Each structure stands twice: as structure tokens, then as C-alpha cells.
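*Asks:* what would the 3D arrangement of this be:
(one chain, ligands or ions: 1)
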Amino acid sequence: MTITDFPTTASGVRSPIPDSPATTPGERALAAARFQLAEASRFLGLDDGMHRMLATPRRSLTVSVPVRREDGRLEVVQGHRVQHNLSRGPAKGGIRFHPATDLAEVTALAMWMTWKCALVGIPYGGAKGGVAVDPATLTTRELERVTRRYVNEILPLIGPEKDIPAPDVGTDEQTMAWIMDTYSANAGYSVPGVVTGKPTALGGSLGRAGATSRGVRIAALQALARTRRSPEGATVAVQGFGKVGALAAQYLADAGCRVVAVSDAGGAVVRPSGLDVAALRAHAAETGSVRGYRDADPLSHDELLELDVDVLVPAALEGVITEDNAPRVRARLVVEGANGPTTPEADPILAGNGITVVPDILANAGGVIVSYLEWVQNTQAYSWSAGEVEMKLRDLMENAFRAVAELSAERGLTLRQAAHAIGVGRVAEAHRMRGLYP
Ligand code: NAD
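*Replies:* Residues are numbered from 1 along each chain as shown. A predicted model of the protein is given here:
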């Protein structure tokens with residue numbers, strides 16, 4: 001089936017989901033993203049032409065990345081950069097280094113970036129990149145070579161006015177520094193605005209490092225406030241203890257919540273009376289995992305998602321709350337730090353059980369918001385204080401949350417449906433205003 005065929009699903013939603021079953025996690029993520037778009041398109045009354053345009057990435061580039069290993073062997077891995085939509089401004093989105101990443105996953109993540117940027121009102125389209133490597137198996141020098149070669153291959157696509165990468169799973173400030181340097185070396189002058197999430201020494205914004213996690217905290221506290229629940233003593237479980245999850249746990253603990261369980265790829269730990277998140281972060285930094293932390297009991301990955309807590313923060317990968325385990329989720333609130341952690345099949349099960357989901361494109365938008373602020377500072381060769389950055393982050397997050405909550409209440413939508421309706425609607429409006437060239 002091609003993208004031009006739009007089957008009607010059982011729910012009556014016309015959708016470009018291919019009828020061949022999605023087999024990789026990436027294909028399932030793309031099917032989920034397209035399902036959400038189809039729902040939003042139907043709600044907004046978009047015509048088929050507009051729907052097809054929004055379902056289709058503007059540009060997708062797949063590249064071979066040859067890498068010389070330390071022992072002299074040559075390996076070749078695949079990389080991708082997808083620009084899903086450019087109607088509201090340059091493309092924006094992170095770069096993921098993960099062995100399972102594929103073109104479908106990168107396309108789904110790029111599509112979510114488009115709606116996210118529109119939802120929070122920043123002038124970007126959506127993009128994403130991925131390289132199918134496991135950073136844990138590479139030396140720092142190998143990682144640097146992979147990064148620089150990948151950037152060299154996608155060079156024609158990126159640039160401060162075209163497409164601005166940022167960190168995602170498996171990449172960090174150092175990766176962004178290498179990207180900036182490779183791009184600048186090719187340009188012949190320093191171009192800090194080509195990438196965000198850089199070290200502050202290279203023009204990175206104050207407050208970018210924990211921005212996604214602070215956004216998660218803002219979203220969680222807003223959602224708790226809507227149910228008149230104080231953060232004081234609210235119990236929290238966090239899946240994923242990387243850049244987003246570890247600091248989300250820390251900031252929620254700082255806000256008075258009781259973080260009772262966390263997990264990472266290596267294992268999960270639980271302590272019903274509350275974990276010392278700072279000590280756990282130190283343990284994970286030292287050993288590479290939360291596993292084995294002595295002031296807690298071990299837990300299985302699956303059990304963590306099913307704990308009886310006030311707030312569950314999935315902050316690892318896509319498709320972890322599914323129709324299989326959703327009936328057993330007992331959290332009152334799910335705040336999606338990760339992109340796409342809940343499948344479309346799981347959503348109605350959670351809603352039916354009275355569980356509120358703050359969707360990814362809202363809950364984890366703090367990262368791209370401060371990325372935008374970094375890019376604005378870079379393009380003006382100026383920098384704001386941490387306080388100024390925090391105030392702007394808070395404003396944009398709270399405005400987006402309010403708009404989503406209001407539409408949800410007015411029209412009887414879930415927060416995810418409302419968030420997509422706003423994001424997709426703004427992008428469709430930009431297309432309508434621009435018209436079609438030629
Ligand atoms: P990261 O690589 O820093 O951390 C990922 C974490 O997930 C690691 O702790 C890893 O061990 C853990 N993990 C992997 N598989 C797991 C499993 N099966 N069970 C439990 N934990 C597992 O990545 P990150 O930047 O923190 O990104 C996490 C999620 O947040 C992704 O979905 C990403 O797209 C999303 N996100 C990140 C940012 C950002 O600024 N970094 C912004 C918005 C959204």
C-alpha cells in the first residue's frame with residue numbers, strides 16, 4: 001500500500017496507516033503517529049489532500065555511515081534525517097543514537113516534533129535524525145567519528161535557517177559540540193546556531209540541560225493541580241533514568257513528590273518510603289545503572305509500569321504502555337516524558353479507567369522550547385540569564401497546557417486529542433495561508 005491509500009479504520013477514522021502489519025517498533029510508532037494525525041484531521045474537518053500532505057514527510061535522507069573501529073575494522077551503519085514539515089519555519093528535532101532506530105521511527109518522531117512546535121507556539125517545523133548504533137559499545141573516539149561522518153552526510157539538509165538538530169536518546173552535549181564543529185569546519189566559520197543543546201562554552205543556553213525534565217515537572221504539577229492534588233507526598237514512578245528521566249525524578253522530588261521507583265535499561269528499583277534521588281543519580285553515574293542501588297529493592301521493568309502511584313513518568317522509549325499492560329496500569333496520572341510511550345490501543349483503556357495522560361507533545365516540550373531560546377540567543381549573539389530562560393519556558397509550557405486543557409474540557413477530548421487538534425490545526429492553517437507552489 002502506498003501513502004496515497006487511506007483506509008478507513010474500525011473507528012471510522014480515515015487513516016493512512018498501511019494495512020500490512022507494523023513489525024518493527026519504529027513501524028508501530030509511525031502507525032501510531034499517523035493514527036493520531038488521522039483523528040485530529042477528522043476532528044478539524046481537514047480534506048484528504050491536506051491530510052495526505054501532513055501525513056507525508058517533506059524530505060527523508062538515508063545515509064551510510066562508515067566508521068573505523070579502534071582495531072582497524074571498517075563498519076558501516078545506517079543513519080537518517082527526516083524533515084517532516086517546514087510550513088511554520090526551519091525544521092527542528094533531535095538526533096538519536098540507538099541500535100534499533102530505523103527510518104519509520106525517525107519519521108514518527110519528526111511528525112511528533114511538527115505538532116509539538118506548533119502546539120507550544122515556536123516557529124519551527126519538525127525533524128528528527130537517527131543513527132543505528134549502540135553508543136555503549138563504541139569508544140569516545142569511535143563515537144566522535146560516527147557523529148562527524150553522519151553530520152557530513154546530512155550536511156546539505158541542516159543549517160541554522162534550515163534544520164537544527166538537538167540531543168535525543170544516546171546523544172548529549174558532547175555530540176552537539178562535534179556537530180557544531182563539523183558543520184562550522186565545512187562552512188569555514190563558527191555557526192553555533194546549527195545545533196542546540198550544546199555546552200554553554202559553545203553558546204549553549206543556560207537551563208537547556210534539564211529543560212525537558214523541568215517541562216515534565218511543570219506539566220505534572222499543572223495536571224495534579226487540575227485534580228486539586230498537592231505535589232506534597234504525591235507518589236511517582238519514573239521509567240528511564242537518562243537525561244530526561246533522572247532529572248524529572250529529581251525535580252519532582254524537589255517539588256515535594258515522593259519518588260518511589262525508577263528504572264533504566266539495566267533494571268528497576270523501588271522504595272515505598274521514597275528514594276533519595278540525588279544518591280541514586282550518583283550511583284547510576286558511577287555504575288552505569290540504577291540496578292544494585294543499596295537503599296532500595298529490585299523490581300522488574302514490567303512491575304514499575306503497574307505500580308499504584310499518583311504519577312507515572314515514562315521517559316525511555318516508544319510503545320511501552322500497550323493494550324496488554326494498560327489494564328494493569330494503576331497510576332492516576334501518566335506524564336509522557338518520552339515520545340510515543342503509549343500506543344493508540346492503550347489510550348482508550350487508560351481513559352476508560354479514569355487515568356489522565358499528559359501527552360508527549362505537551363509534557364516533554366520543555367526541551368524544544370529551551371532549544372528555541374538557545375537558537376534565538378545564538379542568532380542574536382546574545383545570552384539570557386538562567387532566570388530569564390526559566391520564565392520564558394514556564395510561560396510557553398503553561399500557555400500550551402492551558403490551551404490543551406480548555407479544548408479538552410470544551411469538546412470532551414482527551415488531553416492527547418486536544419493537543420494534536422491544536423498542533424495539527426496550526427500547521428494546516430500555515431499551509432492554507434502559504435498556498436501551494438507552483
Ligand atoms: P537517554 O538516552 O538520555 O536516556 C534513556 C533512558 O532510558 C536510559 O536511562 C536507558 O537506560 C533507559 N531505557 C532504555 N530502555 C529501557 C527500558 N526498557 N526500561 C527502562 N528504561 C529503559 O535519552 P533521553 O534524552 O532521556 O530521552 C528519553 C525519551 O525522552 C525519548 O523518548 C526521547 O525522545 C524523549 N525526549 C528527549 C528530549 C531531550 O531533550 N533529551 C526531549 C524531548 C523528548
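*Asks:* who in this protein is up against the ligand?
*Replies:* Contact residues, the chain versus the ligand (C-beta under 6 Å from any ligand atom): 167-170, 212, 239-245, 263-265, 301, 315-317, 337-339, 364, 367. Every C-beta, even on glycine, is put in place using the N, C-alpha and C of the backbone.
*Asks:* ok, now which ones touch L30?
*Replies:* 22, 104-105, 107-108, 111 (C-beta atoms under 8 Å, 6 or more residues apart in numbering).
*Asks:* now stretch 281-290: buried residues?
*Replies:* 281, 283-284, 289-290 (16 or more other C-beta atoms under 10 Å).
*Asks:* now swap in stretch 353-369 and tell me
*Replies:* Buried, per 16+ other C-beta under 10 Å, within stretch 353-369: 355-369.
*Asks:* give me the average confidence score over the helix or strand where H283 lies.
*Replies:* For H283, the enclosing helix or strand under DSSP states H and E is helix 277-287. The average of the pLDDT scores along helix 277-287 is 98.
*Asks:* quick revisit: in JSON lines: the contacts of L30, plus distance to V329 and neighbour count.
*Replies:* Output for these, formatted as JSON lines (distance: C-beta to C-beta, whole Å; neighbours: other C-beta atoms under 10 Å):
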{"residue": "A22", "distance to V329": "22", "neighbour count": "16"}
{"residue": "A104", "distance to V329": "26", "neighbour count": "21"}
{"residue": "E105", "distance to V329": "23", "neighbour count": "30"}
{"residue": "T107", "distance to V329": "28", "neighbour count": "24"}
{"residue": "A108", "distance to V329": "22", "neighbour count": "27"}
{"residue": "M111", "distance to V329": "25", "neighbour count": "31"}
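*Asks:* before we move on, the earlier item: keep only those of the buried residues of stretch 353-369 that are in helices.
*Replies:* 360-363, 366-369 (DSSP state H).
*Asks:* any chance of these in JSON lines, with pLDDT too?
*Replies:* Converted to JSON lines, those look like this (pLDDT from 0 to 100):
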{"residue": "D360", "pLDDT": "98"}
{"residue": "I361", "pLDDT": "98"}
{"residue": "L362", "pLDDT": "99"}
{"residue": "A363", "pLDDT": "98"}
{"residue": "G366", "pLDDT": "98"}
{"residue": "G367", "pLDDT": "98"}
{"residue": "V368", "pLDDT": "98"}
{"residue": "I369", "pLDDT": "98"}
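*Asks:* where does P123 land in three-state SS?
*Replies:* coil (DSSP: H, G, I helix; E, B strand; the rest coil).
*Asks:* so how far is I321 from it?
*Replies:* 32 Å (C-beta to C-beta, to the nearest Å).
*Asks:* again, but for V65
*Replies:* Going from V65 to I321 by C-beta to C-beta gives 32 Å.
*Asks:* okay, those two: which has more neighbours?
*Replies:* Set V65 next to I321 and count neighbours by other C-beta atoms under 10 Å: I321 wins out with 27 against 22.
*Asks:* that one reaches P344, doesn't it?
*Replies:* No. Taking C-beta atoms under 8 Å as the definition, I321 is not a contact partner of P344, at 10.9 Å.
*Asks:* longest helix in the protein, by number of residues?
*Replies:* helix 386-411.
*Asks:* quick one: I321 from the ligand, how far?
*Replies:* As defined by C-beta to the nearest ligand atom, to the nearest Å, I321 lies at a distance of 12 Å from the ligand.
*Asks:* quick one: residues contacting that residue.
*Replies:* So I321 contacts 305, 314, 329, 334, 341-343, 346, 350 (C-beta under 8 Å, 6+ apart).
*Asks:* now, which of the residues you listed lie within strands?
*Replies:* Among the contacts of I321, DSSP state E puts 314, 334 in strands.
*Asks:* now do whichever strand or helix holds A248 against helix 277-287, angle only.
*Replies:* Secondary structure assignment for A248, by DSSP H and E: helix 243-254. Counting by axes from the mean of the first three to the mean of the last three C-alpha atoms, to 10 degrees, helix 243-254 lies at 150 degrees to helix 277-287.
*Asks:* pairing partners for the helix or strand just after helix 243-254, with directions?
*Replies:* Downstream of helix 243-254, the first helix or strand assigned by DSSP H and E is strand 258-264. The strands beside strand 258-264 in its sheet (DSSP bridges) come out as strand 235-239 (parallel), strand 267-270 (antiparallel).
*Asks:* distance to H84, mean pLDDT and mean neighbour count for those strands - can I get that in JSON lines?
*Replies:* Listed next are these as JSON lines, based on distance: least, C-beta to C-beta, whole Å; pLDDT from 0 to 100; neighbours: other C-beta atoms under 10 Å:
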{"stretch": "strand 235-239", "distance to H84": "26", "mean pLDDT": "98", "mean neighbour count": "27"}
{"stretch": "strand 267-270", "distance to H84": "33", "mean pLDDT": "98", "mean neighbour count": "22"}
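*Asks:* low-scoring pLDDT stretches of this structure, where are they?
*Replies:* By pLDDT under 70, the weakly predicted segments of the chain are 1-20.
*Asks:* residue of it with the smallest distance to the ligand?
*Replies:* The chain approaches the ligand most closely through G242 (1.7 Å), counting by C-beta to the nearest ligand atom.
*Asks:* which non-adjacent residue is nearest R330?
*Replies:* Spatial nearest neighbour of R330, chain neighbours left out: D308 (4.4 Å); criterion: C-beta to C-beta, 6 or more residues apart in numbering.
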